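Peer 1: Have a look at this prediction, sequence included:
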Amino acid sequence: MELHKIIIPTPYAVGDVNAFLVKGDALTLFDAGPKTEEAYEALKWGIRAAGYDMKDIEQVVLTHHHPDHAGWVDAFPDAAVLGHKYVDHWMRQTDDFLKYHTKFYIQQLILEGVPQNYIDQIIKVRGEIELFGTTPLTQFLAEGDEVPGHPGLQVYETPGHAQSHLIFVEDGTRECIGGDLLLEKVSSNPLVEPPFELAGERPKSLLQYNASLKKLSDLNVSKVYTGHGDEVYNVSELVQERLERQAQRALKVREMIQEPKSVFEVTQQLFAKIYTRQPGLTLSETLGQLDYLVDENLATYEKSGDVYYYQKA
């Protein structure tokens, strides 16, 4: 595909994020960086380096709703904005959604045995939504769709890192715009998020993520244009390596639950040096490993009071 990579700075530990300008029957920007002035300048100059102006962008397609990818949709008021329907909750930020979002996390953190002072800290961080865009989607994309203006560019749903995550694979070249599904240097965090229906059970993000990696491996992709870092070519090999490392990590967690422990207690042990600085991320990682162990019949859990406790099976 005719693609131009734009590298955009972010205020996050992951570092720069990639956006991609793709010329087909439509001029499409895939992802848009966080809503900071530095990101705006990088985006503007990247588009100009490709020979276009901001006003030339006809549509913005989002791989997922996280702010380092979905912030500057607001810079293209005349463009169509496309993505998974879950993204629209974040763009509209209605009172009902924000209330549900906060309630979901409070309830989830209580189940994980998290002390109240940490709950307050995590909810505060999750409430910082100023780096998100605010432009509602004009079209939803789902599994089996084709990206408008790009014949043969197929949409695949790949939840796990985000409930809204999509990848896009071109039929002929088998090249893929992959968002954060598979990164060259690091493994993406399967983050705990509310269900996109805003009702029902918590999605088991790590199990979803593993399934999405296997889906990517089965798609016979030749190259992945990643959301962070360089392109990935050895897709199946890297997927297998990531899955094996995750399984090994889960077995390490299994040895920590000889007696019943809450998610918070395991997190304190697994991430002793950083859990106080990154409670949300570390709790998500721990819960994912415990979900995996339960799914593999390697651990069990039961509820005592308001908290779930996990133990080696």
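Peer 2: Nice, I can see it.
Peer 1: List the contacts of residue 298.
Peer 2: Residue 298 makes contact with 250, 251, 254, 312, 313, according to C-beta atoms under 8 Å, 6 or more residues apart in numbering. Every C-beta, even on glycine, is put in place using the N, C-alpha and C of the backbone.
Peer 1: Give me the pLDDT value at residue 212.
Peer 2: Per-residue confidence (pLDDT) for residue 212: 98.
Peer 1: ugh, typo on my part, it should be residue 231
Peer 2: 98.
Peer 1: any chance of the contacts of residue 298 in TSV, with pLDDT and secondary structure too?
Peer 2: Putting those into TSV (pLDDT from 0 to 100; DSSP: H, G, I helix; E, B strand; the rest coil) gives the following:
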residue	pLDDT	secondary structure
250	97	helix
251	97	helix
254	98	helix
312	97	strand
313	95	coil
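Peer 1: Whichever of those end up buried, select them in ChimeraX.
Peer 2: In ChimeraX, this line selects whichever of the contacts of residue 298 come out buried by 16 or more other C-beta atoms under 10 Å:
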select :250,254,312
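Peer 1: In CSV: the contacts of residue 298, plus distance to residue 84.
Peer 2: Output for these, formatted as CSV (distance: C-beta to C-beta, whole Å):
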residue, distance to residue 84
250, 28
251, 33
254, 33
312, 37
313, 35
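Peer 1: hey, where'd the helices end up in the stretch 151-300 of the chain?
Peer 2: Taking DSSP state H, counting those that start in this stretch to define them, one finds helices in the stretch 151-300 of the chain at 205-218, 235-254, 263-270, 279-295.
Peer 1: Out of those helices, the one nearest residue 175 is which?
Peer 2: Across the helices of the stretch 151-300 of the chain, residue 175 has its closest neighbour in helix 235-254 (10.8 Å, C-beta to C-beta).
Peer 1: Please provide the alpha-carbon coordinates for the closest one, formatted as CSV.
Peer 2: Extracted C-alpha coordinates of helix 235-254, given in CSV (Å, rounded to 0.1, in the frame of the first residue of the first chain):
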residue,chain,number,x,y,z
VAL,A,235,5.0,-12.1,12.7
SER,A,236,4.3,-15.8,13.5
GLU,A,237,7.6,-16.2,15.3
LEU,A,238,7.2,-13.1,17.4
VAL,A,239,3.6,-14.1,18.3
GLN,A,240,4.7,-17.5,19.4
GLU,A,241,7.5,-15.9,21.5
ARG,A,242,5.1,-13.5,23.2
LEU,A,243,2.6,-16.3,24.0
GLU,A,244,5.3,-18.5,25.5
ARG,A,245,6.7,-15.7,27.6
GLN,A,246,3.3,-14.9,28.9
ALA,A,247,2.6,-18.5,29.8
GLN,A,248,6.0,-18.6,31.7
ARG,A,249,5.0,-15.4,33.6
ALA,A,250,1.7,-17.0,34.5
LEU,A,251,3.5,-20.0,36.0
LYS,A,252,5.6,-17.7,38.1
VAL,A,253,2.4,-16.1,39.4
ARG,A,254,1.0,-19.5,40.1
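Peer 1: ok, and what's touching it?
Peer 2: Helix 235-254 is contacted by residues 182, 184, 187, 206, 210, 213-214, 216-217, 221-224, 232, 266, 270, 286, 289-290, 292-293, 296, 298-299, 312 when judged by C-beta under 8 Å, 6+ apart.
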